[in-house]
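Trainee: no sequence on this one, just coordinates:
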């Protein structure tokens, strides 16, 4: 069961790795995280 899960995770990461917009998604996540940090510090 564990081997099946690890294989599925590996296939998913491999599929994501072949997507050209992977870096764009990562940058978007970082921008959202930075925005949350800025908003939080501004409210304080």
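Mentor: Ah, there it is. Small disclaimer: the values here were computed from a predicted structure and weren't measured.
Trainee: relative to residue 31, how far out is residue 24?
Mentor: The gap separating residue 24 from residue 31 is 10 Å, by CB to CB, to the nearest Å. Bear in mind the C-beta positions are built from the backbone N, C-alpha and C, glycine included.
Trainee: where does this structure have low pLDDT?
Mentor: 1, 16-21, 37-38, 40-44 (pLDDT under 70).
Trainee: helices along that one, start to end?
Mentor: Ranges of helices within the chain are 2-17, 22-43, based on DSSP state H.
Trainee: need those in a markdown table (columns: mean neighbour count).
Mentor: Below are these laid out as a markdown table (neighbours: other CB atoms under 10 Å):
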| stretch | mean neighbour count |
| --- | --- |
| helix 2-17 | 9 |
| helix 22-43 | 10 |
